[in-house]
Structure formats: structure tokens, C-alpha cells
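Student: Quick one: sequence plus predicted model below, questions after.
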Amino acid sequence: MKKTALLKKLILDKDILIMPAAYDAVSSMIIEQVGFKATTISGHATSATMLGKPDLSLITLTEMANHTRNICEAVNIPVLVDGDTGHGGVLNVIRTVKEFEKAGAAGLFIEDQTFPKRCGHLEGKQVISTDEMVAKIKAAADAREDPDFIIQARTDALAVHGIEEAIDRANIYREAGADLLFVEAPTTKKEMIKVNKEVNGPTVAIQGEGGKTPLLGVMELEDMGYAVVVYPGSALYAAAWAVRGVMDELIRTGTTKGYMDRMHNFSSFNELMGLEKFLEKENSYLKELLK
């Protein structure tokens, strides 16, 4: 099954789809190896890992597409990509869809913030008009070559205009052709329940540690009606914490020996990377020379 069709099936399945976000190829491989059926790439994590900068529209389309290509080539599970605002107007949205399709993504999401956008859980957001976002969604849907390529529409209107406006926008975006809908940053369980009662289409929950939305169990989110739950920063936050830990250990003690029980070693990391498989393939072509 194509990755696009598989992602669509997973979204529409009765069980909620859990999508931890990968911040690089290694993290995407771990997500797959643990057993998750799909992953996503967040602009928040990409801006941090590629630039060491916050999520403030600093990542370009070319950088994001290259990052996506590397991750998509590392795994066999579908990858949903953060398309930010589409990187501009409707013509930019068209190019964004085409670049992500070529990179191997199974879908993308675009949001209705003005440019430059900011992380959805920060203050000071602004949104474009509903009509302008509708035009972007229609352009994205028309631009995809694979009809199963997922178009997710995100609205940040809740923080700017309130929950009623956000729900209205989500339903309009669905009518415009969005396959998946995301009302960003509800701050209470009551708001989350209301979103799922009143939005007419599959919905996404975001579970960001330290963000505005309550952290809930997967089954509770499923019971609320969410089709997908995304963990945009969990892998990156844990990795950054671990790197700080081992560096603190090294500068304090002059060795990493005391941290070995919390990290891979050379051999186990090579196993994670599938080194033996690559060497076997190399040797299969060089076997005559190796005799």
C-alpha cells in the first residue's frame, strides 16, 4: 500500500493514530522500530535542530524539504510534514505541496497564521482571513499529484478570535478540501470536547509538554473523538535533556563512564543504524574481489 493511502487509512481507522514527531532521521528510525505506525516532522523541532533557533518562520521551504527527504528515506512508515503557512501565498503553497510530495511525504499541514508565523502555543499570533486560507487549501488539494496525499488544515483562530470562530473555520476548511483538521491550542478539556462535537471531520490533538493544551492519556483523547494525536516535541526534548546530562557528566568527572547505562555505545548504535545489513550488501557486490 502506498504510504499516502496507508496514512489516510490510519487516520480513518476506529483507533486513534499516535504520531510522535521525529526531529531527524535517527529519531524517525527509533519511532518506527518501537512500533509506531506513522510519524510527523514539526517545524518547531526542525528549526531547533537545524538552526538552533525558535519556531518563528526561520526555516525555508528548501531546508524543510531536504530535511523531510532524509527522514522519509530512513523509514518505511508514512510521514506527515509541517508546511507552516505554505511558505507564502497560494503559488507558494502549490510549490510547497509539490516539493514535499517529491521528498516522499505522505501529507502536510498548513495553517492560517499570518507570516511570519510562530509556534502555536506562543502569544501574539495573528490569522489571515478565512477566505485566504480557503484559497490556500484549494490550491494545495489541486497541486497534489497523488489524490491520497493528506492535506491537514490548522487554525490558530482560537487564541485570536475564540473557540466558536476556530470551529467555524475548521468546518469551512473541511468543505474546502482539507482531509484532517486541527484547532490549535485548546486550553481546557471542555474546549477539546467541544471541538470534537462540532467539527465535521477527523481531528488532531497536540500533546506538547509544557504547552497550553492539557496532557491527557491516549484513550481519553480517543474517547473525546480525536482521530490523531501528535507529540511534536517529546523526542527532541528528551534528547536535549540526555545530551545535557552526558555533557554535565563529562565536564564534572572527566569521563562518560558514569553515564553508560543511559546511552548507546559504539556497537549498539551501529546495530541501531543497521550497519551489518549495509556491509552485507556492499560485500555482495565485492565478493569476487574479496576471494
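Tutor: Noted; the coordinates are in hand. In this text the structure is predicted, and so the values were computed from the model without any measurement.

Student: Off-centre distance for stretch 211-224?
Tutor: What separates the centre of stretch 211-224 from the centre of its chain is 17 Å, taken as Cα atoms, centre = their mean, to the nearest Å.

Student: Now P116: closest residue in space that isn't a chain neighbour?
Tutor: S57 (3.6 Å; Cβ to Cβ, 6 or more residues apart in numbering). For the C-beta atoms, the positions are set from N, CA and C on the backbone; glycine is no exception.

Student: what ranges do the helices span in this structure?
Tutor: 3-12, 25-34, 43-46, 61-74, 90-103, 130-143, 157-161, 163-176, 189-198, 218-224, 234-253, 266-272, 275-290 (DSSP state H).

Student: Select from these the stretch with the lowest mean pLDDT.
Tutor: Lowest mean pLDDT within the helices of the chain: helix 275-290, a mean of 86.

Student: surely V199 meets I172?
Tutor: No. Shown here, V199 and I172 do not form a contact pair, counting by Cβ atoms under 8 Å, at 10.7 Å.

Student: So between the two, which is more surrounded?
Tutor: Comparing V199 with I172 by other Cβ atoms under 10 Å, the one with more neighbours is V199, at 22 against 17.

Student: which residues does the more buried one contact?
Tutor: 167, 170-171, 174, 181, 183 (Cβ atoms under 8 Å, 6 or more residues apart in numbering).

Student: want to try JSON lines for those, with distance to V90 and neighbour count as columns?
Tutor: Below are the contacts of V199 laid out as JSON lines (distance: Cβ to Cβ, whole Å; neighbours: other Cβ atoms under 10 Å):
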{"residue": "I167", "distance to V90": "24", "neighbour count": "22"}
{"residue": "A170", "distance to V90": "20", "neighbour count": "25"}
{"residue": "N171", "distance to V90": "21", "neighbour count": "16"}
{"residue": "R174", "distance to V90": "19", "neighbour count": "18"}
{"residue": "L181", "distance to V90": "20", "neighbour count": "25"}
{"residue": "V183", "distance to V90": "23", "neighbour count": "27"}
